[in-house]
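A.B. asks: Show me the folded form of this:
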Amino acid sequence: MNTLAIAAGLSVLTVAALLVVSVIWLQSYRAVKTPLALGLLAFCLVLLVENLISLYFYFFTMEMLFVDDPTIGVLVVAMRALQFIAVAAFTYVSLD
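C.D. replies: Numbering: from 1, shown residues only. Predicted structure coming up:
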């Protein structure tokens, strides 16, 4: 499996987690109307858009935002993995 496929897979997992968290924080905002809940919802939506844009480039264009260099590919996978870990932790604490 190449680094592009791994990075795309991590983005798909991140999108799924962000959808869950966005629903949680939308429900929280509707219930309590606090700026914190609205800010967390906005944070989720911005990350969601960023990941959807990256998925568009992974699947629907032949041009990439980064060079097809093995070193760059590994760095992109590492960044996507770190982002997924952060969103997974955020999802875990939001589900509580």
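A.B. asks: What's the local residue count around residue 56?
C.D. replies: Residue 56 has 10 neighbouring residues, counting by other C-beta atoms under 10 Å. (Glycine included, C-beta is placed from N, CA and C.)
A.B. asks: Check residue 50 too.
C.D. replies: 15.
A.B. asks: which element follows the longest helix along the chain toward the C-terminus?
C.D. replies: Determined from DSSP state H, the single longest helix within the chain is helix 3-32. Counting by DSSP states H and E, the next helix or strand C-terminal to helix 3-32 is helix 35-60.
A.B. asks: what helices or strands is that following helix leaning on?
C.D. replies: For helix 35-60, the packing partners by 3 or more C-beta pairs under 8 Å, 6 or more residues apart in numbering; DSSP states H and E come out as helix 3-32.
A.B. asks: And the helix it packs on, what does it pack against?
C.D. replies: Using 3+ C-beta pairs under 8 Å, 6+ apart as the contact test, the elements touching helix 3-32 are helix 35-60, helix 70-95.
A.B. asks: Those helices: which one's closest to residue 18?
C.D. replies: Residue 18 lies closest to helix 35-60 among the helices and strands packed on helix 3-32, at 4.4 Å (C-beta to C-beta).
A.B. asks: Same question for that closest one: list its buried residues.
C.D. replies: Going by neighbour count (16 or more other C-beta atoms under 10 Å), the buried part of helix 35-60 is 37, 40, 41, 44, 47, 48, 51, 54, 55, 57, 58.
A.B. asks: and which of the residues you listed is nearest residue 29?
C.D. replies: Among the buried residues of helix 35-60, and counting by C-beta to C-beta, the member closest to residue 29 is residue 37, at 4.0 Å.
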